[in-house]
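Asker: Predicted model follows, preceded by the sequence.
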Amino acid sequence: MDYVDEETSQRSHENIDVVYNVTEDTFGDIYAERQPVVLRGLELGPCMERWTVDYLAENGGEKEVKIHVSQTPQMDFINKNFMYRSLPFCDLVKRASQDFQAEYFAEETEKYYLRALGDDPRKDKADIKTQFPALAEDITIPPFFSEEKFFSSVFRIASPGLQLWTHYDVMDNFLIQIRGRKRVVLFSPKSVNYLYMNGDKSEVLDIDNVDEEKYPLFKKAERFEVFLEPGDVLFIPALWFHNVISLDFGVAVNVFWKHLDDQMYDNKDTYGNKDPLPAGRAFQIADRAIKALEELPEEYRDFYARRLINRIENKAVISDENLI
């Protein structure tokens with residue numbers, strides 16, 4: 001995979017603001033803007049010095065974790081070009097930090113990705129304090145949101161070169177980078193109609209070499225880019241699309257919290273990736289409307305579909321710039 005050079009890295013910072021030494025008070029103004037921001041110079045605790053491979057392996061222990069194992073750097077969640085496997089946490093850390101494996105599932109150059117889950121993913125949310133209590137003592141999570149809004153804290157570990165598919169989250173989050181550098185490409189929520197969505201994920205896998213015949217609208221998407229260094233905290237507002245590449249062996253903690261009122265979310269959603277309940281109902285209604293329109297002859301179906309789209313545009317869309 002070809003990575004962007006340092007000159008591009010400097011230019012990319014013009015898109016995403018980097019703010020130093022943010023406090024709880026100053027973050028309030030940043031938060032109101034609903035734009036991605038890199039927070040730099042925060043006190044994140046002793047994890048910044050302690051979390052070496054050996055330390056993580058020793059203090060994370062032999063807890064079994066479910067991981068993605070990929071033979072290609074670009075993981076594709078839609079077509080599942082990876083395997084789900086399990087490893088003791090200590091073994092995962094050691095393998096993910098290496099380019100070549102003495103023991104492997106498919107091949108010696110395979111790559112690993114951990115998105116930590118709750119002990120019972122059907123009932124429990126991911127929380128580093130619960131799943132990895134010894135390591136949780138080392139990290140200070142920026143106290144920039146109220147505790148009652150907290151949803152989950154997700155341990156993320158990735159092999160060098162691994163690329164996570166473009167997706168959006170329905171909650172606000174901090175991506176706290178502890179070890180390694182990451183390249184993060186983001187797309188505005190207003191670009192949703194250009195990203196060829198399949199659920200909450202984009203079908204465009206290679207965002208740097210896009211097949212323009214297959215995805216002609218992708219170039220219209222409003223694109224932002226930033227390179228994260230260890231100690232950086234990227235604020236990603238809900239609905240902002242992001243594609244993440246671990247340039248080095250990467251260790252991060254992702255903290256999610258609720259931006260909307262509690263009743264907007266499905267309380268059975270332990271992963272935190274279901275759309276807000278009103279949005280889910282709207283999709284269901286739209287599916288029923290489409291099915292009803294299919295009962296009409298083609299000429300009538302086209303006419304009433306256009307009327308329906310026009311009604312949505314007039315009633316629900318904030319401005320024309322959100323549309324194709």
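Answerer: Looks like it came in fine.
Asker: What are the structural domain limits within this structure?
Answerer: With automatic domain parsing serving as the domain definition, the record reports that the chain contains domains spanning 6-264, 277-322.
Asker: Return the member of those domains having the minimum mean pLDDT.
Answerer: Averaging pLDDT over each of those singles out domain 277-322 as the lowest, with a mean of 90.
Asker: residue boundaries of the strands in the stretch 1-150 of the chain?
Answerer: Using DSSP state E, counting those that start in this stretch, the strands found in the stretch 1-150 of the chain span residues 17-20, 37-40, 64-70, 82-88, 111-115, 150-158.
Asker: Also the stretch 151-300 of the chain?
Answerer: Under the criterion DSSP E, counting those that start in this stretch, strands of the stretch 151-300 of the chain are mapped to 163-167, 172-179, 182-187, 197-198, 201-202, 223-228, 233-236, 241-246, 250-257.
Asker: Residue 202: how many residues sit nearby?
Answerer: A count of nearby residues for residue 202, using other Cβ atoms under 10 Å, gives 26. Heads up, the C-betas are built off the backbone N, CA and C, glycines and all.
Asker: Could I get the contacting residues of it?
Answerer: For residue 202, the residues meeting the contact criterion (Cβ atoms under 8 Å, 6 or more residues apart in numbering) are 165, 166, 167, 195, 196, 241, 243.
Asker: Residues in a beta bridge with it, which ones?
Answerer: As for beta bridges, residue 202 partners with residue 197 under DSSP bridges.
Asker: ok, now residue 114?
Answerer: With DSSP bridges applied, the residues forming beta bridges to residue 114 are residue 157.
Asker: Can you give me the distance of it to residue 281?
Answerer: Counting by Cβ to Cβ, to the nearest Å, the gap from residue 114 to residue 281 is 34 Å.
Asker: Please tabulate the strands of the stretch 151-300 of the chain in a markdown table, including the columns distance to residue 98.
Answerer: A markdown table is the format used below for the strands of the stretch 151-300 of the chain (distance: least, Cβ to Cβ, whole Å):
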| stretch | distance to residue 98 |
| --- | --- |
| strand 163-167 | 18 |
| strand 172-179 | 14 |
| strand 182-187 | 19 |
| strand 197-198 | 33 |
| strand 201-202 | 29 |
| strand 223-228 | 22 |
| strand 233-236 | 26 |
| strand 241-246 | 14 |
| strand 250-257 | 13 |
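Asker: burial of the closest residue to residue 159 other than its chain neighbours, as a residue count?
Answerer: Distance criterion Cβ to Cβ, 6 or more residues apart in numbering; nearest residue to residue 159, sequence neighbours excluded, is residue 111 at 3.8 Å. Here the count is done by other Cβ under 10 Å, and residue 111 has 23 residues near it.
Asker: same thing with residue 28?
Answerer: Around residue 28 sit 11 other residues, with neighbours defined as other Cβ under 10 Å.
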